[in-house]
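Student: here is a sequence with its predicted model. Questions after.
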Amino acid sequence: MTKERDVDQVLVECVQNGDKQAFGLLVLKYQRKLMRLILFFVKDHAEAEDIVQETFIKAYRALPSFRGESAFYTWLYRIGVNSAKNHLNSQRRRVSTLPENDTQDSDSFNDSDGLRESNTPDSVLASKQLAEKVNETMNALPEDLRIAISLREIEGLSYEEIAEMMECPIGTVRSRIFRAREIIASKIRPLLDTAIDKRW
């Protein structure tokens, strides 16, 4: 991890000294990871791409003042998460003008590997329902819980990195992730406990 941070710091210093190609290397290195993170919050692919692009533009403009007190990617992800939050806040202000049932993309976990071996219509339906419930529950989580658990479970970041990114104590991060997991577990437990043939 330290090696990665050192490489990033060298690239950052090159950018600060006027080497635009070095920033291109940072974009190549992190754009897919950043896109994956943003897509977790913003379901529309085109909107997520815009937010990723906006994040890199903001990072490039702010890079002269970057001092390396945190890892570059932690700093970049914080910009990305804040950009996604701003986008979600502006969407909430417009949400009253949108029609209901605008949640077509709620089956992103659709054919999970664990359920693939028994590919019967019932098991496919059960898998889809489980995925929908997980997505629905994740989307309904308070913003601080949703961000914390996505950084941990989707991005695989450490508690320390998440604390740095969310600008809060590690204990708060642990508490948010624990609460998010408890909420998700409570929502999917009925689906897991009920046999497929008895659910109806």
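Tutor: Looks like it arrived, so ask away.

Student: what's the separation between E155 and C14?
Tutor: Distance of E155 to C14, computed by Cβ to Cβ, to the nearest Å: 25 Å. Placement of C-beta: from N, CA and C, glycine included.

Student: just the pLDDT for R32.
Tutor: R32 carries a pLDDT score of 91 in this model.

Student: quick check: phi and psi on it?
Tutor: Note on R32: its backbone torsions stand at phi -70, psi -40 [degrees, to the nearest 10].

Student: relative to N89, how far out is it?
Tutor: In this view, R32 and N89 are 25 Å apart by Cβ to Cβ.

Student: disregarding residues adjacent in the polypeptide, which is nearest to the residue nearest the centre of the chain?
Tutor: By Cα atoms, centre = their mean, the chain has its centre lying nearest to L37, at 3.2 Å. Counting by Cβ to Cβ, 6 or more residues apart in numbering, E155 is the residue found nearest to L37 once chain neighbours are left out, at 5.7 Å.

Student: what is the end-to-end distance of stretch 60-71?
Tutor: For stretch 60-71, the first and last residues are 15 Å from each other (Cα to Cα, to the nearest Å).

Student: show me which parts of that stretch are buried, residue by residue.
Tutor: L63, F66, S70, A71 (16 or more other Cβ atoms under 10 Å).

Student: so what's the last one up against?
Tutor: Taking Cβ atoms under 8 Å, 6 or more residues apart in numbering as the definition of contact, the neighbours of A71 are E4, R5, D8, E161, E164.

Student: quick one, grab the pLDDT at it.
Tutor: A71 carries a pLDDT value of 88.

Student: what's the separation between it and V52?
Tutor: A71 sits at a distance of 19 Å from V52 (criterion: Cβ to Cβ).

Student: what's the burial count for N135?
Tutor: Using other Cβ atoms under 10 Å, N135 has 18 neighbouring residues.

Student: let me know the next secondary structure element after the helix or strand where it lies.
Tutor: N135 is part of helix 121-140 when elements are defined by DSSP states H and E. The helix or strand immediately downstream of helix 121-140 is helix 143-153, counting by DSSP H and E.

Student: walk me through the domains of the chain.
Tutor: Listed domain ranges for the chain are 2-97, 113-198 (source: automatic domain parsing).

Student: lowest mean pLDDT across those, which one is that?
Tutor: Lowest mean pLDDT within the domains of the chain: domain 113-198, at a mean of 77.

Student: list the contacts of stretch 153-160.
Tutor: With Cβ under 8 Å, 6+ apart as the criterion, stretch 153-160 contacts K33, R36, L37, F40, Y77, L151, R152, M165, I170, V173, R174, I177.

Student: list the buried ones in it?
Tutor: Of all the residues in stretch 153-160, those buried under the rule 16+ other Cβ under 10 Å are E155, L157, Y159.

Student: adding distance to L192, write the residues you listed out as JSON lines.
Tutor: Formatted as JSON lines, the buried residues of stretch 153-160 follow (distance: Cβ to Cβ, whole Å):
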{"residue": "E155", "distance to L192": "25"}
{"residue": "L157", "distance to L192": "27"}
{"residue": "Y159", "distance to L192": "27"}
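
Student: kind regards, and thank you for your time.
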